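Colleague: Mind folding the following:
(one chain, ligands or ions: 2)
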Amino acid sequence: MIRSPLMTVMTDAVMKASRSLKRDFGEVENLQVSRKGPGDFVSAADRKAEKILREALEKARPGYGFVMEESGIVEGTDTSHRWHIDPLDGTTNFLHGLPQFAISVGLERDGQIVAGVIYDPAKDELFIAEKGKGAYLNNRRIRVAGRDEMAEAVIACGLPHIGKGDHGLFLRECASVMAHAGGMRRFGAAALDLAYVACGRFDAYWERGLNSWDMAAGILMVREAGGFVADADGVPNPMATGSISCGNEYMHRELLKLLKKAKG
Ligand code: IPD
Ligand code: CA
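Modeller: Ligands and ions are numbered 1, 2, ... in the order given. I've put the predicted structure just below:
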């Protein structure tokens, strides 16, 4: 597979940052036993990875803006383009030595996500997508799952954190989906949840309370893999509302019905 110059820029930046994250993940295991835990160390790892990404992308595409988890919004001189960057998606997993985390980078052009890269350093899985060119996992084309039986489906979700979101609504949504789905999962890295829908591992996924950097790359990944994406209430632009739902056409429609029932 021949990568476009843009995709080469993005994957090079992500791979560079991943080397730093991977080294630090090795250290985290040693820090679990200390009473303080690896909290500060992980925050530093996160910031380091973001700095590497920002510098590499800035060098290759000067003037583009940034929306970053750690450093916030940086306006660019080129107002058509901005990067949405999550240097470490799945921070809690990383902190606990759980190998389910990723770097996610999406490029927005004139309000549309046109390129996305999600890389899982622990499993060496690179998910890439460009608008109109399909989605790939380690250079092989990926497609959403073809299943059309809820009872056979594995549905992923995100749990609201302590002190955040509507826990009652989540419990109702969970009960509604649980009554019909073959199985449910909460893996803890939104970008990978989306990538897993794109490659057919999960049949559908929903979560509320996300940010643009969690989902920019993943939304494109799912769409380019033939999937359907909306927010958790069925509104077309999840980046604007901060919630998401996706799956193949059938699963997405069924999931939205179950979520709607839970909301009442
Ligand atoms: C989090 C993860 C998690 C999701 C949270 C996100 P972070 O991102 O994607 O799966 O449930 O809402 O904030 O903080 O680990 O980058
Ligand atoms: Ca995240």
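
Colleague: Distance of residue 178 relative to ligand 1?
Modeller: 18 Å (CB to the nearest ligand atom, to the nearest Å). The C-beta positions use only the backbone N, C-alpha and C, and glycine is treated the same way.

Colleague: got the contact list for that residue?
Modeller: residue 184 (CB atoms under 8 Å, 6 or more residues apart in numbering).

Colleague: how close does residue 157 sit to ligand 2?
Modeller: Going from residue 157 to ligand 2 by CB to the ion, to the nearest Å gives 15 Å.

Colleague: same question, residue 73
Modeller: 16 Å.

Colleague: Is that residue part of a helix or strand, or is it coil?
Modeller: Put simply, residue 73 is strand when judged by DSSP: H, G, I helix; E, B strand; the rest coil.

Colleague: The closest residue to it other than its chain neighbours pairs with what?
Modeller: Closest residue to residue 73 apart from its sequence neighbours, by CB to CB, 6 or more residues apart in numbering: residue 67 at 5.4 Å. Note on residue 67: beta-bridge partners by DSSP bridges are residue 73, residue 84.

Colleague: wouldn't residue 67 be in contact with residue 76 here?
Modeller: No - in terms of CB atoms under 8 Å, residue 67 does not count as a neighbour of residue 76; the distance is 10.6 Å.

Colleague: what do those two both touch?
Modeller: Common neighbours of residue 67 and residue 76 (CB under 8 Å, 6+ apart) are residue 82.

Colleague: Among these two, which residue is more densely surrounded?
Modeller: residue 67 (20 against 16; other CB atoms under 10 Å).

Colleague: check contacts around the more buried one.
Modeller: Going by CB under 8 Å, 6+ apart, residue 67 touches 73, 82-85, 212-213.

Colleague: same thing but at 10 Å, please
Modeller: By CB atoms under 10 Å, 6 or more residues apart in numbering, the contact list for residue 67 reads 73-74, 82-86, 106, 108, 211-213, 216, 239.

Colleague: In the stretch 51-200 of the chain, which residue sits closest to ligand 2?
Modeller: Nearest to ligand 2, among the residues of the stretch 51-200 of the chain, is residue 89, at 3.7 Å (CB to the ion).

Colleague: What is the burial count for that residue?
Modeller: By the criterion of other CB under 10 Å, residue 89 has 27 neighbours.

Colleague: now do residue 99
Modeller: Neighbour count of residue 99, defined by other CB under 10 Å: 12.

Colleague: Regarding it, what is its secondary structure?
Modeller: Taking three-state DSSP, the label given to residue 99 is coil.
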